[in-house]
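Colleague: need a structure here:
(chains A and B)
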Amino acid sequence: MEPQDQTRGDSTAFFGDAQAAPLSCNEATSLCIKAARGAGMSWGMAEEAGFAAAWLVSHGIDGPTHLRAHLERADGRDWVDLCPSVTPDGWQNANGQPTCPIILGATMCDYADLPEGPASGASIVLGPVSAPILLVPFLSELAQKKGLALTLTWATGAICIDEDETWLQPVKQSLGVPQLALTLSAYNARPHEPSAASTQNAQTTAATIAALNTLAMRTTVPATEASRAGAGSSLSDND
Amino acid sequence: MSLNTSSLAQETVRYIRPAKEVMRLGHLGSSHPTRLSFLRVLLRRLASSDWQIDRPVWNVNAKGVGHCVYRAKSTERTYSLVAFAHDLPADMRSDRVIATAWDATFTLFDGDPTAKDIARLADNVPFQEAGRISPKELTLARANRSVRLFEHVVTALSQGRQPDLAEIAAVGYLMRTTAVYGSGKFGASDRADIAQRPELAAPFQVEMLTVWLIRAFTVDIVEHIAAARGGRSAVKLDRDIRRTLGVGNSTGLGMAPFIVRHPVLLNNWMMAREEALARVRAQLTAQSQAVSGLKAALEATIANAAVWRSEHPVQIRKLHDLRRDLALLSNTLDTWDWNGEHPWDALWMWGAQTLTLEGQEALLSLMLEPHGALIDDLADQMGADEAASFRINGAMPVAELRRILESDYAWALKIDFTTPENVARFWYVSEEKLEPRLGERATEEGATLEQPLCIARLISELYATVRNFDGAATVAALMLAHPEHRYVVRRAQITKHHPYAEVQDNLIASDMLPIDLLRCKLAFFGASQFDPRSDRWVRINLFADAPFPDEIDAVGAA
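Modeller: Next comes the predicted model:
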């Protein structure tokens, strides 16, 4: 594959070096879904990864780079070493591994209306979470849907995800780390309204796109003569 | 007589065709454009609102190389098509999405482009996928000449003659687009950022506006080159001939997955169309104006079917069916009793019993045509907020999920996926070109990398799991135990509230025709003269017989 092969039907391959890469949300979603699938997620979970990365992009945070970092660490690990175990004591991984923020976030949303889910007054030990910033899009949705203020606490700090989105800057600084041991607590809050002021999309980097593309390419099938022959018209286009 | 909306709705519901009938490939693959098609929605808005269309920039040399700008302007907004005209050697002309050069390239700019914008676009748009556009742009597109007709028309006009009508009818367009990208592709504006504008709320409006303005460009460039070649003896294209020209479009398998990947959108398109038909059938009486409107529409459809050509055996048979059905309909209408009760429903029932699927779907389109006042509001419901149905309802008991599968997906559970012919194909993305393709499972490598497009089989696998799962458990617990089913559980929950979300057929069966999926989507675009070039590759015509920018005000709502 030539790096500048113009005839490839994708939308994100043409960045190089240290060039900033301003992806649209659609491009970020599409690339991240494919990369997550390539790194072993199921298609349905890969869609959650696409959602999380694009949510961060639209809130001014380079989600694809955080997802890349997580996927490279999680690559090849089994579901049982990535998923939370939902117990009254907490939502930690049963094998003591850091949980995948996508699986944890999606599962929290799955449990939104169930007794095990975060309700006002609850405090849930999440334990070590990989790339914890990727949990934020799910918590923001959950907070909005349930009218909750969700506080993430770790050894040296805390962030409250609530209505005004002033927490975005601190999130960027504190949660953009490879791993954190977290506790989640929930309180009733006024329901969120998505902020009217639109944030500029975050740019990602050429290196991130290249790395995500490498993972995404694992979902593709090498060409054969048969596949090439069937792809176009059987008639001339010069008419 | 007065009707309140709830009784009207109830009255209408009786006439709605069920999804198990209309969502089959046979029906979808016989779809005809209707007045709810997206290009018709665009033309109605342009004609009814205060849109001004002009061409502020024309900077093209005698060889037809240069750039120009077409502008659609309302009091609120301006959209500008920036067109780059190139001189393309014949050996580089290909309709495949993977071509590297084109006769003309385009972008739809959000506003009035400055000279600096144009310079930036000139560095990127001609390279299409290898360039980059910005959130100030809404689409990226390219087109190739129909070599035969383009040259014929240039030659004729340059010599002071009008082109041969048979030549015009045989092709139908001067150029065909080979891709029109929107929705954030190549750095363009995301759909979510523009969807709230009233003029862009219906699906694919920026794409349709792009193509409509390209159509004006195709005639202008032909007249320009003819004038450069013929000097004083050159003439302009006759306006009646011009009116018949559309923009060709060449499209392949890439469009098929879209239909499957956007279940809420598909549901909304289908429901709008089906509700429109039901409203028409539910009318107690027929107004004479609507009856004459139907007859006029039938004349136009018969004329279109007469010039509609295809070399594909499947389409040749369908065209034969269509022409025969239209003749039958025409005869029947000569003596139709419009004074009975529910005469539109009676006509529909006659069609359903008498006509082939081609004829039935054509009749649907004809019956909608004279009923704009009754149905055009449905176009407002054809967009979709897909994010709103993304979250899985984890609180749903597994027993309820099982019931959804057994009722809404009974069609899928009936398919036996252990027989070779029912799993004969697999959808995949090619490593070489990153385009969707369809492989033969028995003879081609790569089935382990199958794309999740055969929903029926995924549903059947999910059903095998939930049959043995505790019915009192929650879907949230099921998702932790079986993450592999997350994708299809999301769909099943969507389908519960969106009955027309699924194509109710086996999309990997040996006899499945991808062109059926393409035809459904292209009919919603408003494409006429669907012409398969293989079982997975088609050409169509867009905007044929529609007004040009200098005619749009004169014709009123199309």
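Colleague: so what's B:Cys222 closest to, chain neighbours aside?
Modeller: Actually, residue B:222 is Val rather than Cys. B:Val153 (5.2 Å; CB to CB, 6 or more residues apart in numbering or on different chains). Any C-beta I mention is one placed from the backbone N, CA and C, and that applies to glycine too.
Colleague: Identify the single longest helix in chain B, thanks.
Modeller: helix B:205-230 (DSSP state H).
Colleague: Could I have the CA atoms of the one helix or strand B:Ala297 maps to written out in CSV?
Modeller: Here B:Ala297 sits within helix B:288-307, counting by DSSP states H and E. Taking C-alpha atoms only, helix B:288-307 is exported to CSV below (Å, rounded to 0.1, in the frame of the first residue of the first chain):
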residue,chain,number,x,y,z
SER,B,288,-61.3,15.8,-10.5
GLN,B,289,-58.1,17.8,-10.4
ALA,B,290,-56.3,14.9,-8.8
VAL,B,291,-57.7,12.5,-11.4
SER,B,292,-56.4,14.6,-14.2
GLY,B,293,-53.1,15.0,-12.4
LEU,B,294,-52.8,11.2,-12.2
LYS,B,295,-53.4,10.9,-15.9
ALA,B,296,-50.8,13.6,-16.7
ALA,B,297,-48.3,11.9,-14.5
LEU,B,298,-49.0,8.6,-16.2
GLU,B,299,-48.3,10.1,-19.6
ALA,B,300,-44.9,11.3,-18.3
THR,B,301,-44.1,7.9,-16.8
ILE,B,302,-45.0,6.1,-20.0
ALA,B,303,-42.7,8.5,-21.9
ASN,B,304,-39.9,7.9,-19.4
ALA,B,305,-40.4,4.2,-19.7
ALA,B,306,-40.2,4.4,-23.5
VAL,B,307,-36.7,6.0,-23.4
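Colleague: Not counting its neighbours along the chain, what's nearest the closest residue to chain A within the stretch 201-350 of chain B?
Modeller: Nearest residue of the stretch 201-350 of chain B to chain A, counting by CB to the nearest CB: B:Gly252, 6.6 Å away. Sequence neighbours aside, B:Trp537 is the residue nearest to B:Gly252 in space, at 4.7 Å (criterion: CB to CB, 6+ apart).
Colleague: Tell me, what's the model's pLDDT at that neighbour?
Modeller: According to the prediction, B:Trp537 has pLDDT 82.
Colleague: Same check on the one 5 residues further on?
Modeller: For B:Leu542, the model assigns a pLDDT of 96.
Colleague: Over to B:Arg467?
Modeller: pLDDT, read off for B:Arg467, is 96.
Colleague: Counting neighbours, which bits of the longest strand along chain A end up buried?
Modeller: In chain A, taking DSSP state E as the definition, the longest strand is strand A:179-188. Within strand A:179-188, the residues scored as buried using 16 or more other CB atoms under 10 Å in any protein chain shown are A:180, A:182, A:184-187.
Colleague: Quick check: the farthest pair among those?
Modeller: A:Leu180 and A:Tyr187 (20.9 Å; CB to CB).
Colleague: now the strands for chain A?
Modeller: A:20-21, A:123-130, A:148-154, A:157-161, A:179-188, A:204-205, A:220-221.
Colleague: which residues does the residue in chain A that chain B sits nearest to contact?
Modeller: Nearest residue of chain A to chain B: A:Gly44, at 2.5 Å (CB to the nearest CB). A:Gly44 makes contacts with B:483-490, as judged by CB atoms under 8 Å, 6 or more residues apart in numbering or on different chains.
Colleague: Also B:Ile214?
Modeller: B:81, B:83, B:104, B:106, B:141, B:143, B:175, B:177, B:247.
Colleague: Let's see that with 10 Å instead.
Modeller: B:70, B:81, B:83, B:104, B:106, B:108, B:141-143, B:175-177, B:180, B:247, B:542-543 (CB atoms under 10 Å, 6 or more residues apart in numbering or on different chains).
Colleague: per-residue confidence at it?
Modeller: B:Ile214 is assigned a predicted lDDT (pLDDT) of 98.
Colleague: ditto for B:Ile552
Modeller: 85.
Colleague: Bridging across strands, which residues link to the residue nearest to B:Gly252?
Modeller: B:Ser534 (DSSP bridges).
Colleague: Quick check: it touching B:Pro514?
Modeller: Yes - between B:Trp537 and B:Pro514 a contact is recorded at 8.7 Å, counting by CB atoms under 10 Å.
Colleague: can you map out the helices along the stretch 51-200 of chain B?
Modeller: B:115-122, B:147-158, B:165-171, B:191-194 (DSSP state H, counting those that start in this stretch).
Colleague: got it, and chain A?
Modeller: Using DSSP H, helices in chain A cover A:25-38, A:43-58, A:63-74, A:101-110, A:136-146, A:168-175, A:206-216, A:225-231.
Colleague: could you give the angle of the second one to helix A:206-216?
Modeller: Here helix A:43-58 runs at an angle of 170 degrees relative to helix A:206-216 (axes from the mean of the first three to the mean of the last three CA atoms, to 10 degrees).
Colleague: Show me the shaky parts of chain A.
Modeller: Within chain A, the ranges that satisfy pLDDT under 70 run A:1-14, A:16-18, A:191-198, A:226-239.
Colleague: rerun that using 50 as the cut-off
Modeller: Scanning chain A with the threshold set as pLDDT under 50 gives A:1-8.
Colleague: that older thread, could you name every residue contacting both of B:Trp537 and B:Pro514?
Modeller: By CB under 10 Å, 6+ apart, the residues touching both B:Trp537 and B:Pro514 are B:252-253.
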